[in-house]
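Visitor: what follows is a predicted structure for the sequence shown.
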Amino acid sequence: MPPEDLTSAAPAPETAATLISGLSAYGRLYGLPNSPEQVQGILGTLLRLYQPDLPAALVDAVAQRVLDGLTPDDLNNAIVDRVSSALAKTAHRWQQQLSDQAKGVLTTYVQRYRPTVTPDALSSMATAVIPLVSDGNITRSEAIGLVSQVVQTFDLGDALRDVVPAELAAVINASSVALAQTLATVLSQKPMAEAVGETVTAYVEKYAPGLVNIGSDLIATALSAVLKNQVDFNFDAQLAVVDEQLLIEQVSFQLNVLRQSPPPSKPAWAIAEQINTAVERYRQEHQGALDVTAGLVSNDGLSVSSPLTSTRRLPEPPPSSSASLG
């Protein structure tokens, strides 16, 4: 199915019935949140577990269609069986583990760095932490639902008083400390990440409007260009050292998973033109070899390169804290 048809696809009756049954089971077992974003996130997880080979965009579209047509009677009249109960339990376990891990990292970050946390800042922090604790197997609806859940349930007062809730104590460990430090780096690089996101968005809108998947090559190329033109973006803070891999991952999460980007600024449009010139030159010199939809990741998974930027060796990552779907 072409990408443009995904968002208009109606779910098959069996799929819709399974999702509603799973959501009904979830509600009976754990209660349903009041937030539509969180309910859609649950539907997204149920569908991804039920049909793991579906494209992420289709998972999001189907979850939205089911949510839009959902009524209380649908949930009350749904037949809950062993399959829907198992889906609900697995979905809840996966979401709860990710939520607890995210809140564990946020708690450690707040206790260590004592930032000023406004509601907007907390939302930004929660959004930044999701790709750090997930394994990349997450859809837009799930990510937005998890951000909403984390923001709603995170107790800033306890964190500032160095009080750790019992349910978080088990997940706050050496990995949480390492990820809290990583989160600090992510937040310090946010102005540059936004500039890179704007620049990639400008390039796609003007030169590659049909591009669906934005690869790390293109993001790395935009980062290289932004680093050479930092003064044009009027950053509040100049970064002496940039963690390129971390920044690329965050921009990729924003553009590919959340599908969000600030509107391109004037400097972003200008740099997008530079990127297009560089891309076209590379393609001519290498007979069209550059693929802006995919990154160049080495077999060891520890280095990322762009044909237009340098290759850099990355440090070993901290122990994985992502949840298993098993």
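Guide: That came through, no problem.
Visitor: tell me which element the residue nearest to residue 46 when sequence neighbours are not counted is part of?
Guide: Once flanking residues are discounted, residue 46 sits nearest to residue 22: 4.2 Å by C-beta to C-beta, 6 or more residues apart in numbering. (C-beta placed from N, C-alpha, C; glycine too.) Assigning secondary structure by DSSP states H and E places residue 22 in helix 13-30.
Visitor: list the helices and strands the longest helix anywhere in the chain packs on?
Guide: For the chain, the helix that runs over the most residues, judged by DSSP state H, is helix 82-113. Where contact means 3 or more C-beta pairs under 8 Å, 6 or more residues apart in numbering; DSSP states H and E, helix 82-113 is packed against helix 13-30, helix 36-50, helix 119-133, helix 140-153, helix 156-160, helix 166-169, helix 174-188.
Visitor: could I get these as CSV with mean pLDDT and mean neighbour count?
Guide: Formatted as CSV, the helices and strands packed on helix 82-113 follow (pLDDT from 0 to 100; neighbours: other C-beta atoms under 10 Å):
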stretch, mean pLDDT, mean neighbour count
helix 13-30, 96, 19
helix 36-50, 97, 24
helix 119-133, 95, 19
helix 140-153, 97, 22
helix 156-160, 86, 14
helix 166-169, 71, 13
helix 174-188, 92, 19
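Visitor: still on that earlier bit, surely the residue nearest to residue 46 touches residue 81?
Guide: No. Applying C-beta atoms under 8 Å, one finds residue 22 not in contact with residue 81, separated by 10.0 Å.
Visitor: please name the nearest non-neighbouring residue to residue 250.
Guide: Nearest one to residue 250, counting by C-beta to C-beta, 6+ apart, is residue 193 at 5.3 Å.
Visitor: ok, then the element right after the helix or strand hosting that neighbour?
Guide: Assigned by DSSP H and E, residue 193 falls within helix 190-207. Note on helix 190-207: by DSSP H and E, the next helix or strand toward the C-terminus is helix 216-228.
Visitor: picking that back up, what angle sits between the helix holding residue 193 and helix 216-228?
Guide: 120 degrees (axes from the mean of the first three to the mean of the last three C-alpha atoms, to 10 degrees).
Visitor: could you dump helix 190-207 to CSV, C-alpha only?
Guide: Output of helix 190-207 as CSV, limited to C-alpha atoms (Å, rounded to 0.1, in the frame of the first residue of the first chain):
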residue,chain,number,x,y,z
LYS,A,190,18.0,21.1,22.2
PRO,A,191,18.4,24.5,20.5
MET,A,192,20.8,22.9,18.0
ALA,A,193,18.6,19.9,17.5
GLU,A,194,15.7,22.2,16.7
ALA,A,195,17.8,24.0,14.2
VAL,A,196,18.8,20.7,12.6
GLY,A,197,15.1,19.6,12.5
GLU,A,198,14.1,22.9,10.9
THR,A,199,16.8,22.5,8.3
VAL,A,200,15.8,19.0,7.4
THR,A,201,12.2,20.0,7.2
ALA,A,202,13.0,22.8,4.9
TYR,A,203,15.1,20.5,2.7
VAL,A,204,12.3,17.9,2.5
GLU,A,205,9.6,20.5,1.8
LYS,A,206,11.5,22.2,-1.0
TYR,A,207,13.6,19.4,-2.6
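Visitor: what's that helix in contact with?
Guide: 124, 128, 186, 211, 214, 218-219, 222-223, 225-227, 230, 233, 235-237, 239, 242, 247, 250-251, 254-255, 261-265, 267-269, 271-273, 275-276, 279 (C-beta atoms under 8 Å, 6 or more residues apart in numbering).
Visitor: please point out which parts of it sit buried.
Guide: 191-204, 207 (16 or more other C-beta atoms under 10 Å).
Visitor: same question for stretch 253-261.
Guide: Buried residues in stretch 253-261, defined by neighbour count with 16+ other C-beta under 10 Å: 253, 254, 255, 256, 257, 261.
Visitor: and the contacts of that stretch?
Guide: The list of residues contacting stretch 253-261 from outside it, by C-beta under 8 Å, 6+ apart, reads 56, 127, 130-131, 138-140, 143-144, 193, 197-198, 200-201, 213-214, 219.
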